[in-house]
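Trainee: need the 3D shape of this:
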Amino acid sequence: VRYIHLNPLRAKIVSDMRGLNRYKYSGHRALMGKGDCEWQDTRHVLSYFGKSLVEARRSYSSYVKEGLSQGRRPELVGGGLIRSLGGWEAIKGMGKRERIKGDERILRDSDFVLQVLKEADETFNRYYEMKRLGYDLKTVEDRVCRIFKINPEDIYSKSREKVKASARGLFCYWAVRELGYGLTDIARHLGITQPAVVYAVKRGEHIANQNHYKLEI
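Mentor: Residues are numbered from 1 along each chain as shown. Purely as a prediction, here's the structure:
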């Protein structure tokens, strides 16, 4: 946790601990009580540093500061497992019975590590397959417009009208989760903020699951 949360300081994105405490793209901010992340288990991390919230945050903050002098730690960066096995081809050629060293960044045994890597690989394969079939933002736009019986400009409007907000959510969900577009790219494309895209993706996921909507025609 400490190593990851010091990344903005090491990268000089923020200049000091005060800036890090308020940096909105890091879980450190939530741990320090400067913002909320609904999915982040701040209580679990802080429980290691004290019984009361005030005490825990003070101790955690001191612990993070102590890590500044450590600099970069090679054992916590890069694809250690993949490199140690000779790359993806070597991993794919392994038998299931062979036990291998786990990647230290994934705190479980080798089977779990390989499952995580497999799922990540499948996600990327999904992105490439969709793009190979010609799916792009225009495809998503057309599909969403047909479902909600609206015009393309309705997706790009800032209206909070339910049908338009729902259409925008489904558009964001498919663009990000199905085609692999980045949140920043979609925010720029729609002319909205990145947090708004995050919210729209969640909304779109709920709509797609509830109504069994699929991007593929």
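Trainee: distance check, the closest residue to residue 27 other than its chain neighbours against residue 7.
Mentor: Spatial nearest neighbour of residue 27, chain neighbours left out: residue 40 (5.3 Å); criterion: CB to CB, 6 or more residues apart in numbering. For the C-beta atoms, the positions are set from N, CA and C on the backbone; glycine is no exception. Per CB to CB, to the nearest Å, residue 40 is found 16 Å from residue 7.
Trainee: which of the two has more neighbours?
Mentor: Comparing residue 40 with residue 7 by other CB atoms under 10 Å, the one with more neighbours is residue 7, at 17 against 14.
Trainee: and that one, backbone torsions?
Mentor: Main-chain dihedrals, residue 7, degrees, to the nearest 10: phi -50, psi -50.
Trainee: ok, it to residue 20 distance?
Mentor: For residue 7, the distance to residue 20 - CB to CB - is 10 Å.
Trainee: ok, now residue 185?
Mentor: 26 Å.
Trainee: ok, back up a step: my read is that the residue nearest to residue 27 contacts residue 30, right?
Mentor: Yes: here residue 40 reaches residue 30: they are 5.1 Å apart, a contact under CB atoms under 8 Å.
Trainee: quick check: residue 131 touching residue 178?
Mentor: No: with contact defined as CB under 8 Å, residue 131 does not count as touching residue 178 (10.0 Å).
Trainee: pick out whichever of the two has more residues nearby.
Mentor: Neighbour totals were compared for residue 131 and residue 178, and residue 178 leads with 18 against 13 (other CB under 10 Å).
Trainee: quick one, grab the pLDDT at the more buried one.
Mentor: With respect to pLDDT, residue 178 has a value of 89.
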